[in-house]
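Enquirer: Sequence first, predicted model second:
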Amino acid sequence: MKRLVKTALTIAGSDSGGGAGIEADLKTFTAFGVHGLVAITSVTAQNTQAVTAIHDIPPEVVAEQIRAVAEDIGVDAAKTGMLSNAEIIKAVAKTVKNYDFPLVVDPVMIAKSGAPLLREDAVDALIKYILPLATLVTPNRFEAEKLSGMKIRSVEDAKIVAKKIAEETGAEAVIVKGGHIEGEEAVDVLYHNGTFREYRAPKVEGCTHGTGCSFSAAITANLAKGLGLEEAIEVAKKFITLGIAMGHRIGHGHCPVNQSAWIEIPAEKWRIYEELTNAVREFESINPVRLIPEVGTNFVYSLPLPYARSTKDVAGVKGRIVKYGNSVKAVGPVEFGASDHLARAVLTYMRFYPEYRSAINIRYSREIIEEIIEIAQERGFKVSFYDRREEPEEIKAKEGATIPWGIETAIKRIKERPDIIYHLGDVGKEPMILVFGRNPREVLEKIKMLI
Ligand SMILES: Nc1ncnc2c1ncn2[C@@H]1O[C@H](COP(=O)(O)OP(=O)(O)OP(=O)(O)O)[C@@H](O)[C@H]1O
Ligand SMILES: Cc1ncc(CO)c(N)n1
């Protein structure tokens, strides 16, 4: 039967910290829906700070891993990472020559922490045996300098070096990565078919352990899926920029790239859209006319952290939910970025209680809040408030600072997690009640108690 899923093979070392090497490659393959295969060259004891032990696998065992998967499963594209020593390099070269899959070579030499991952005497073997087989070589600045014997200080230098490496080694294409080249942007320079192409992205603050591995794995996965080389690099560039920005803050050294952001964000967005859309429909159907304030109600649901960074990451109802005769109607559909005030309230709340990602605002009146306080006492809800008249002048003067200040003030006031926060309004500001929950369903349950 024809295989439906594409496969990608990584020939690389293991990073026990899960940030680079085989582990980064497998996570990247998964992010692109490609089945990952492995040939482990070396086991490293490694974390975000250092490499503390290296145990190389016998070259014949490395070769046999490649053979085993290529013969039975089939390989659509492969990459190499840490090859560690000259014997492994020769065994890998000899074995991959038997197959015709595209080969991406990440000429790994030194870890982010500074530890050597390729013996000094193996650089020549890499140039002699592996680079001629490469569809693409992906050196960073230092690796490119080592492979070419030239210094790189600018994008122009990177071009000269990329061309030189391709011409001297017989590699089909070379991309010199710009992560370590000075500048506002991370510019990677590709030399392919006699021409140059630049791939640019803003340099982002984030996590950079495993960038090279994940980038070359992303190119490999997309080659396996049948994309052309330049297209595959384009996708990989977007993937790595997001992965760095969304990196998981773990360990005490260089934190690792987050490969799952690429699929997790779109998947979560879809779940949020569906759940919130259903909850809004149910809210309309219970027809809580008396709970709709003059300015309308919004109902929001945020992406989880670390992905929730601005109001664009929070879904809400476009145009809000309003009174329409004797019924309650959502004006527009659920959209990300559709709420400003309530979205900022939830983002602030999540700084204290990250799992509480949903909220709704309802009308404030003496009767409603008294009912709420009574129900809260029966059911064990907590209610808190803030008073806009207590807002410090410097907060008032700062655009968009009132809501974060208010939510923080209300949370700190009761020293427990408030399910409900209200404020009494101010000149030109309608008083309001905000109900929070982990998800829209929980928020709705609280609303239903008021009906
Ligand atoms: N701070 C950053 N912001 C955006 N892109 C970056 C940043 N740092 C690196 N990149 C990009 O990440 C990719 C990998 O490049 P980099 O030069 O970091 O590889 P590397 O040094 O081989 O990584 P490592 O050895 O840690 O695995 C390239 O596309 C590069 O432009
Ligand atoms: C195993 C391994 N491969 C590659 C790198 C490159 O960063 C690393 N740190 N560890």
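Expert: Arrived safely, thanks for sending. Ligands and ions are numbered 1, 2, ... in the order given.

Enquirer: interface residues of this structure facing ligand 1?
Expert: Residues of the chain found near ligand 1 (C-beta under 6 Å from any ligand atom) are 20, 112, 140, 177-180, 186, 188, 201, 203-204, 208-213, 215, 237, 240-241, 244. (C-beta placed from N, C-alpha, C; glycine too.)

Enquirer: For the closest residue to Glu416 other than its chain neighbours, give me the backbone phi and psi.
Expert: By the measure of C-beta to C-beta, 6 or more residues apart in numbering, the closest residue to Glu416 outside its immediate chain neighbours is Lys382, 5.2 Å from it. Main-chain torsions, Lys382, degrees, to the nearest 10: phi -110, psi 140.

Enquirer: I figured Lys382 hits Ile414, correct?
Expert: Yes: using C-beta atoms under 8 Å, Lys382 is in contact with Ile414, at 6.0 Å.

Enquirer: for Glu335, what are its contacts?
Expert: Glu335 makes contact with 315-318 under the criterion C-beta atoms under 8 Å, 6 or more residues apart in numbering.

Enquirer: For it, what is the enclosing helix or strand?
Expert: strand 334-336 (DSSP states H and E).

Enquirer: what pairs with that strand, and is each one parallel or antiparallel?
Expert: strand 314-317 (antiparallel) (DSSP bridges).

Enquirer: max-length helix in this structure?
Expert: Looking across the chain with DSSP state H, the single longest helix is helix 261-286.

Enquirer: Show me what counts as buried in it.
Expert: By 16 or more other C-beta atoms under 10 Å, the buried positions in helix 261-286 come out as 261-262, 264-265, 268, 272-273, 275-277, 279-280, 283.

Enquirer: From the residues of the chain next to ligand 1, which land in strands?
Expert: Taking DSSP state E, the ones among those that sit in strands are 186, 188, 201.

Enquirer: Now do stretch 391-404: distance from first to last residue.
Expert: Terminal residues of stretch 391-404 lie 11 Å apart, using C-alpha to C-alpha, to the nearest Å.

Enquirer: how far out from the middle of the chain is stretch 107-126?
Expert: A distance of 28 Å separates the centroid of the chain from that of stretch 107-126, by C-alpha atoms, centre = their mean, to the nearest Å.

Enquirer: Regarding it, how distant is the last residue from the first?
Expert: Start-to-end, stretch 107-126 (C-alpha to C-alpha) is 8 Å.

Enquirer: what's the average pLDDT for it?
Expert: The average pLDDT within stretch 107-126 is 88.

Enquirer: Pull out the buried residues from that stretch.
Expert: Result for stretch 107-126 [16+ other C-beta under 10 Å]: buried residues 107-109, 111-113, 117-119, 122-123, 125-126.

Enquirer: Take the next helix or strand after the longest helix of the chain, keep the C-alpha atoms, and write them as PDB.
Expert: Counting by DSSP H and E, the next helix or strand C-terminal to helix 261-286 is strand 299-302. The C-alpha coordinates for strand 299-302 follow below in PDB (Å, rounded to 0.1, in the frame of the first residue of the first chain):
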ATOM      1  CA  PHE A 299     -17.400  37.400  26.000                       C
ATOM      2  CA  VAL A 300     -13.700  36.600  25.600                       C
ATOM      3  CA  TYR A 301     -11.400  33.600  25.600                       C
ATOM      4  CA  SER A 302      -7.600  33.900  25.500                       C
END
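
Enquirer: Appreciated, that's everything.
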